[in-house]
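Participant: Quick one, structure for this:
(one chain, ligands or ions: 1)
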Amino acid sequence: MSSNIFCIGELLIDMVCVDNKGLKNGEKFEKKAGGAPANVAACISKLEGNAYFLGQVGNDFFGKHLIELLKDLNINIEMVVEKGSTTIALVGIDENGERNFDFLRGSDGDYSFGNINLSKIISSDIIHFGSATGFLEGELKKTYFKLLEYAKANNIYVSFDPNYRDALITPDKLELFIEDCIEFLRKSDFTKLSDEELFLITKEKDITKGVNKLHEFGVKFIAITLGSKGTYLSVSGENTVIQSIKIKQLDSTGAGDAFVGAVLKQVADVEDKQNISFEEWKNIIAFANKVGAITCTNYGAIESMPALSYIRKLHN
Ligand code: RIB
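Facilitator: Now for the predicted structure:
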């Protein structure tokens, strides 16, 4: 049976600028659901896995819309809190489909550890942390560290994605963000970083050097997403690049989250999660690359993620 996957962090409204003129000049915005950890949960559910979302939305129209959407996606929301105002991300997309963000932060940072029903999380489960807003000052950050401690004490499989957003991490907060990331990276069983995040955290300018530095910090499993070039995988002393599929990119928002969701859904199906062979990992990553790439072919994160039935059809 597939394990449960608990995704903690922000669930928010992405106001996506769909005329590809960027945030400064764009005029047409569409309301989409977003937030990196919520996107991961959505991908897991679309691939028919068991996802829980842990976090806080506002007690407002946007919050109600987001909760309904998660319910429709069959994501467990029993630990979601509705209070304050919903966080909004402004998503600009350039002519190549690459995105950048700005944020109007609401109450997602108020989610406290007491809202988590720990009796629901067992040692065969998975917890995924994404730290776009998770390491900003506030209650949510404390919750992240307590939940990580709980996961380690109970041998729960931990996944982590730094989800670095320059609009949220001011230069004076960057070193602390890096420190927090390193602590989570070291304690995680699966980690996924973009090449930009790898260079930022390790202060290296080369993938191999950066990956080696992460291993020196004590990071066991490293997947570096390289966009259209695929994913660099480094685990148990073996390294390789797994190619992706060719697509016409419209909007890359949520591609990394879809990749993580697709990896975690497959890991959830494995009984002995700590002993997945390198060969098995290569297959897991190849499938996740495909899911991430398909997510780039339309606007918005969640609605562009493929359902399992769609991917199966691609193979027939
Ligand atoms: O990873 C994509 C997400 O990052 C978007 O949905 C947006 O909310 C940003 O935080």
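Participant: now the helices: where do they sit in this protein?
Facilitator: Counting by DSSP state H, the segments of the chain that form helices are 22-25, 36-46, 61-72, 139-153, 174-187, 195-202, 207-217, 255-268, 278-295, 308-315.
Participant: Can you flag the weakest of these by average pLDDT?
Facilitator: With a mean of 85, helix 308-315 has the lowest mean pLDDT of those.
Participant: got the buried residues for it?
Facilitator: In terms of neighbour count (16 or more other Cβ atoms under 10 Å), helix 308-315 has its buried residues at Ile311. Glycine gets a C-beta too; all of them are placed from N, C-alpha and C.
Participant: ok, now which ones touch the residue nearest in space to the middle of the chain?
Facilitator: The centroid of the chain falls nearest to Asp257 when counting by Cα atoms, centre = their mean (3.9 Å). Applying Cβ atoms under 8 Å, 6 or more residues apart in numbering, we find Asp257 in contact with 36-37, 39-40, 42-43, 130, 161, 295, 301.
Participant: separation between it and Phe101?
Facilitator: Using Cβ to Cβ, to the nearest Å, Asp257 is found at 13 Å from Phe101.
Participant: what do you get for Cys43?
Facilitator: According to Cβ to Cβ, Cys43 stands 19 Å off from Phe101.
Participant: Give me the more crowded residue out of the two.
Facilitator: Cys43 (32 against 17; other Cβ atoms under 10 Å).
Participant: Name the nearest residue to the more buried one, sequence neighbours excluded.
Facilitator: Leaving aside its chain neighbours, Cys43 sits nearest to Gly261 (2.6 Å; criterion: Cβ to Cβ, 6 or more residues apart in numbering).
Participant: Can you name the residues of the stretch 151-300 of the chain sitting close to the ligand?
Facilitator: Taking Cβ under 6 Å from any ligand atom as the criterion, the stretch 151-300 of the chain approaches the ligand at residues 165, 253-254, 256-257.
Participant: Now with 8 Å, please.
Facilitator: With Cβ under 8 Å from any ligand atom as the criterion, the stretch 151-300 of the chain meets the ligand at residues 163, 165, 253-254, 256-257.
Participant: What are the contacting residues of stretch 56-73?
Facilitator: Under Cβ under 8 Å, 6+ apart, the answer for stretch 56-73 is 11-13, 33, 38, 41-42, 45-46, 53, 77, 80-88, 106-111, 115, 140, 302.
Participant: Now do the strands in the stretch 1-150 of the chain.
Facilitator: Counting by DSSP state E, counting those that start in this stretch, one finds strands in the stretch 1-150 of the chain at the ranges 4-8, 12-17, 29-34, 50-54, 56-57, 81-82, 88-93, 99-104, 126-130.
Participant: What residue in this protein comes nearest to the ligand?
Facilitator: Of all residues in the chain, Gly34 sits closest to the ligand, at 2.7 Å by Cβ to the nearest ligand atom.
Participant: my guess is that residue contacts Val91, does it?
Facilitator: Yes - using Cβ atoms under 8 Å, Gly34 is in contact with Val91, at 7.4 Å.
Participant: between these two, what contacts are shared?
Facilitator: Counting by Cβ under 8 Å, 6+ apart, the residues touching both Gly34 and Val91 are 14, 253.
Participant: So Glu10 is in contact with Ala132, correct?
Facilitator: Yes - Glu10 lies in contact with Ala132 (Cβ under 8 Å); the separation is 6.2 Å.
Participant: overlap in contacts of these two?
Facilitator: Taking Cβ under 8 Å, 6+ apart as the criterion, Glu10 and Ala132 both touch 35-37.
Participant: Could I have the buried ones of the residues of the stretch 151-300 of the chain next to the ligand as PyMOL selection syntax?
Facilitator: Here is the PyMOL command that picks out the buried ones among these, judged by 16+ other Cβ under 10 Å:
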select buried, resi 163+165+253+254+256+257
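Participant: And Val270, how far from Gly84?
Facilitator: According to Cβ to Cβ, Val270 stands 38 Å off from Gly84.
Participant: rewinding a little: now the strands of the stretch 1-150 of the chain in CSV, with mean pLDDT?
Facilitator: Shown next, in CSV, are the strands of the stretch 1-150 of the chain (pLDDT from 0 to 100):
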stretch, mean pLDDT
strand 4-8, 98
strand 12-17, 95
strand 29-34, 95
strand 50-54, 98
strand 56-57, 98
strand 81-82, 98
strand 88-93, 94
strand 99-104, 92
strand 126-130, 98
